[in-house]
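Undergrad: this one's sequence-less:
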């Protein structure tokens with residue numbers, strides 16, 4: 001077909017084949033990567049929110065670290081975060097405790113949206129430190 005002009009139908013087929021061979025893999029790679037990094041942002045914001053809300057729950061008088069852990073876990077369950085670690089130092093909150101820190105770690109290896117190919121080695125870390133409302 002080099003010397004002759006292709007009929008209109010053949011040119012369309014050739015264009016479609018070239019798209020499938022050259023452009024489609026790159027397009028779908030970018031599409032899947034954007035979904036994965038978008039999901040990473042959702043998980044990051046959820047970890048931030050869980051740490052802050054858990055810290056708010058534990059700064060009031062009479063609150064315990066178990067209540068804060070339950071609050072963070074319930075927020076993380078909304079997006080289905082798996083394997084999250086929640087730590088609250090000090091573990092034993094007393095009347096003399098002046099501030100509380102809640103740390104949330106989410107491994108992306110078990111929380112990838114499509115495949116953890118792009119974000120599999122990432123662990124999201126978020127922490128929130130608040131002063132307690134206990135009387136001195």
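TA: Looks like it came in fine. All values derive from a computational prediction rather than experimental measurement.
Undergrad: against which helices or strands is the helix of greatest length in the chain packed?
TA: Criterion DSSP state H: the longest helix present in the chain is helix 24-58. Counting contacts by 3 or more Cβ pairs under 8 Å, 6 or more residues apart in numbering; DSSP states H and E, helix 24-58 packs against helix 65-78, strand 99-107, strand 123-131. Glycine gets a C-beta too; all of them are placed from N, C-alpha and C.
Undergrad: check these for me and report the most buried one.
TA: Most buried of the helices and strands packed on helix 24-58, by mean neighbour count (mean count of other Cβ atoms under 10 Å): strand 99-107, with a mean of 20.
Undergrad: with adjacent residues omitted, what lies nearest to residue 44?
TA: Nearest non-adjacent residue to residue 44, counting by Cβ to Cβ, 6 or more residues apart in numbering: residue 124, 5.3 Å away.
Undergrad: again with residue 49
TA: Take residue 49 and drop its neighbours on the chain: the residue closest to it by Cβ to Cβ, 6+ apart is residue 75, 5.9 Å away.
Undergrad: what's the separation between the one you found and residue 123?
TA: For residue 75, the distance to residue 123 (Cβ to Cβ, to the nearest Å) stands at 18 Å.
Undergrad: do residue 39 as well
TA: Counting by Cβ to Cβ, the gap from residue 39 to residue 123 is 15 Å.
Undergrad: what does stretch 56-68 contact?
TA: When contacts are defined by Cβ atoms under 8 Å, 6 or more residues apart in numbering, stretch 56-68 is touched by residues 54-55, 71, 86, 88, 91-93, 95, 100, 102, 130-135.
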